[in-house]
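coords please:
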Amino acid sequence: MWYYLLENKPVGPVSREDLMRLLQEGTLSPDVHVWTEGLARWQAASTIFELRGQIGPEGQPAARMARPTSVTVFGILNIVFGSLGLMCTPLAIAALWIPRQPGVMQMGAAMMAYTIVGYIVGFFCAILLLAAGIGLLYQKRWARQWSYGYGWFAIVWAIIGIIISVALMASGIQGSGGLEETAAKVGGVVGGMCGGIIGLIYPIILVVFMRRPNVVEACQK
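Down below sits the predicted model:
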């Protein structure tokens, strides 16, 4: 039985046939370190004679490992979402200071402060996401790590945002004057919760795909 290293962590055991198939498909690169009983230490697959038949002579890959489709897709999506965040966030912040017409529900001081902080955090996250998207297209290790880290941060931030928004809106509902104003604030609570839940979809998918073995192996530069 054989073992191989991913991010310095041993994976296995796998049969010799399965290991050779992973090398042949390009899921594992010829530089991946492997070990089996009888080897004194971990060695690159390209240096082991019995595995060379799947990765070409002289330890050179028979075919260059192709970039996984998921890496390409998430690289493009990161660039798109990051660019949108950079363009829209300044406009959203500026819109907070546009005077509202009398009778339109006003945003409280606490909600205003929370919204501004959220926009600022979102702006810097957009920069990170844009850089990670570009890096993924070049199969950079740091780009996968940034994307994975962004996904978890976005999940936690969205959950916190839902809790804070509901709490602030609920406190505002208790002090509502008329039925119409109360209905508007209830609608705001429901809309905020739905928006937060929808906002969790992409980060969750990103976290799942950034942990896939073929993505981890592809982004090793």
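
Trp152: how many residues sit nearby?
Close neighbours of Trp152, defined as other C-beta atoms under 10 Å, add up to 14. (Each C-beta comes from the backbone N, C-alpha and C, glycine too.)

same thing with Gly133?
22.

I'd like to know which elements whichever strand or helix holds it is packed against.
Using DSSP states H and E, Gly133 maps to helix 109-137. Helix 109-137 sits against helix 69-95, helix 141-174, with contacts defined as 3 or more C-beta pairs under 8 Å, 6 or more residues apart in numbering; DSSP states H and E.

Let me have those in a markdown table, extended by mean pLDDT and distance to Gly38.
Shown next, in a markdown table, are those (pLDDT from 0 to 100; distance: least, C-beta to C-beta, whole Å):
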| stretch | mean pLDDT | distance to Gly38 |
| --- | --- | --- |
| helix 69-95 | 91 | 35 |
| helix 141-174 | 83 | 31 |
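
For Met111, find the nearest of the ones you listed.
Of all the helices and strands packed on helix 109-137, helix 141-174 sits nearest to Met111, with 4.9 Å by C-beta to C-beta.

Tell me which of the helices and strands packed on helix 109-137 is the most buried.
Stretch with highest mean neighbour count among these: helix 141-174 (a mean of 17; mean count of other C-beta atoms under 10 Å).

Can you give me the distance of Leu137 to Arg16?
Applying C-beta to C-beta, to the nearest Å, the value for Leu137 to Arg16 is 34 Å.

quick one: which of the two has more around it?
Using other C-beta under 10 Å, the more surrounded residue of Leu137 and Arg16 is Leu137, with 16 against 12.

show me where pLDDT drops low in the protein?
49-50, 52-66, 99-108, 168-196 (pLDDT under 70).

Show me it divided up by domain.
2-59, 69-218 (automatic domain parsing).

mind checking how far the longest one is from the chain centre?
Its chain's average C-alpha position is 13 Å from that of domain 69-218, according to C-alpha atoms, centre = their mean, to the nearest Å.

Quick check: end-to-end length of it?
Terminal residues of domain 69-218 are spaced 11 Å apart (C-alpha to C-alpha, to the nearest Å).

Could you shift the numbering so residue one becomes 726, and keep it that way?
Taking 726 as the first residue, the last one we looked at is domain 794-943.

Trp882 is in contact with Val846, isn't it?
Yes: with contact defined as C-beta atoms under 8 Å, Trp882 reaches Val846; the gap is 6.9 Å.

show me the contacts for Ile929.
Gly876, Ile880 (C-beta atoms under 8 Å, 6 or more residues apart in numbering).

circling back: just so I know, which of the helices and strands packed on helix 834-862 lies nearest Ser754?
Closest approach to Ser754 among the helices and strands packed on helix 834-862 (C-beta to C-beta): helix 866-899, 12.4 Å.

so what secondary structure elements neighbour the closest one?
Partner elements for helix 866-899 (3+ C-beta pairs under 8 Å, 6+ apart): helix 794-820, helix 834-862, helix 904-924, helix 926-935.

Now with 6 Å, please.
helix 834-862, helix 904-924, helix 926-935 (3 or more C-beta pairs under 6 Å, 6 or more residues apart in numbering; DSSP states H and E).

Can you say which of the ones you listed is nearest to Ile773?
helix 926-935 (29.2 Å).

what angle separates that closest one from helix 794-820?
150 degrees (axes from the mean of the first three to the mean of the last three C-alpha atoms, to 10 degrees).
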